[in-house]
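Colleague: Quick one: sequence and predicted model below, then my questions.
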Amino acid sequence: MADGWLSLGFSCYKKMVTPNGWLGARHDCIWEGGDLVSIASPDEEAFVKEQMGDDDPFWIGLSNLKCDEAWCRYDKEQKKLTWSDVRVMASYSNWDSRQVGSADEESCAYVNQGAHRDNQPGKWRHGSCGSSLAFMCERPLNDCPEGWPCAFKDFSYNRVETSYCDPFDFLFDDSCYHFEGMKKVQWAAERFCRGRKGHLTSVLSVDEGNFLAAHMRDAGGFQPFVGLRKKENEWFDGKPTVSKKLTAV
């Protein structure tokens, strides 16, 4: 199928290689003539994961935003996560057992590929919509008959960037987190983080600790570093008021 689209059943799917925030990802999919992928069965989920690969997390079309055909807006009254494609009424789900499909703040769903094997890799989670993740678009098979234009971007296209973080980094509580898979000694890990204009992470709350634990890559038996200097008994980033923190394992 042309332009990177693959077919399964009654839908076509396209892996998007440039990460974006959830809203920007949906905007990209709409301009491709589809929507963010919706997953309605284990077979469909297995197909999508195979196309996306098992190294990085990726967005799916679930959020607690209220969406119309063009855009989505946060409504504090809507806590349940629903599909952005209004044609989908899927009852299938594959949530991480520590999360449910609802949230008290603006949240968007992703498949947690690439996580530690003890932390339920491949399960669905929800978090800040401003994270920078890969994504897949989906459209009905019969929406683009042969010989007819499908993507609106064939006429004009202005890409919208809605992520606050670098590609494949997570936004959590106003800070960006990079989960590095390469093992390093602590001083080298800190130097790596400084090269990304950050520091080894400082863990300042139970929620932050739970977030980190759920996204650590498989460290092969090694414990990930955090940014605490043992001699000085202080964080690498000094006072816990920095706006950007990163972690390496």
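Modeller: Sure, I can see it. Residues are numbered from 1 along each chain as shown.
Colleague: how near is residue 53 to residue 104?
Modeller: 32 Å (C-beta to C-beta, to the nearest Å). The C-beta positions use only the backbone N, C-alpha and C, and glycine is treated the same way.
Colleague: try residue 94
Modeller: Separation of residue 94 from residue 104 (C-beta to C-beta): 22 Å.
Colleague: Repeat that for residue 206.
Modeller: According to C-beta to C-beta, residue 206 and residue 104 sit 16 Å apart.
Colleague: How is the protein partitioned into domains?
Modeller: 2-154, 173-248 (automatic domain parsing).
Colleague: Please identify the most buried of the ones you listed.
Modeller: When you average the neighbours per residue for each of those (mean count of other C-beta atoms under 10 Å), domain 2-154 leads with a mean of 18.
Colleague: where are the low-confidence patches of this protein?
Modeller: Residues of the chain that meet the criterion pLDDT under 70 lie in 1-2, 115-119, 143-157, 217-249.
Colleague: Start from the N-terminal end of it and give the helices.
Modeller: Along the chain, counting by DSSP state H, helices occupy 22-31, 42-52, 186-195, 206-215.
Colleague: and of those helices, who's closest to residue 122?
Modeller: When these are compared by C-beta to C-beta, helix 42-52 sits nearest residue 122, at 6.5 Å.
Colleague: How about residues contacting the closest one?
Modeller: With C-beta atoms under 8 Å, 6 or more residues apart in numbering as the contact definition, helix 42-52 has outside contacts at 6, 8-9, 13, 15, 37, 39, 58, 92, 94, 111, 113, 122, 134, 136.
Colleague: Where is the longest strand in this protein?
Modeller: Looking across the chain with DSSP state E, the single longest strand is strand 11-20.
Colleague: Note down every partner strand of that one and its orientation.
Modeller: strand 6-8 (antiparallel), strand 133-140 (antiparallel) (DSSP bridges).
Colleague: Nearest residue to residue 164 in space, ignoring adjacent ones along the chain?
Modeller: The shortest distance from residue 164 to any residue other than its chain neighbours is 4.4 Å, reached at residue 130 (C-beta to C-beta, 6 or more residues apart in numbering).
Colleague: contacting residues for that neighbour?
Modeller: 21, 22, 162, 163, 164, 165, 171.
Colleague: Out of those, which sit inside strands?
Modeller: Those of those lying in strands (DSSP E): residue 171.
Colleague: re earlier: reformat the strands paired with strand 11-20 as a markdown table; add distance to residue 83.
Modeller: Listed next are the strands paired with strand 11-20 as a markdown table, based on distance: least, C-beta to C-beta, whole Å:
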| stretch | distance to residue 83 |
| --- | --- |
| strand 6-8 | 17 |
| strand 133-140 | 10 |
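Colleague: Among the ones you listed, which comes closest to residue 67?
Modeller: Minimum separation from residue 67 across those (C-beta to C-beta) falls at strand 133-140, 14.5 Å.
Colleague: could you check the angle helix 42-52 makes with that closest one?
Modeller: Counting by axes from the mean of the first three to the mean of the last three C-alpha atoms, to 10 degrees, strand 133-140 lies at 130 degrees to helix 42-52.
Colleague: got the angle for strand 133-140 vs helix 22-31?
Modeller: 30 degrees.
Colleague: Centre of the chain to strand 133-140, how far?
Modeller: Put simply, strand 133-140 sits 12 Å off its chain's centre (C-alpha atoms, centre = their mean, to the nearest Å).
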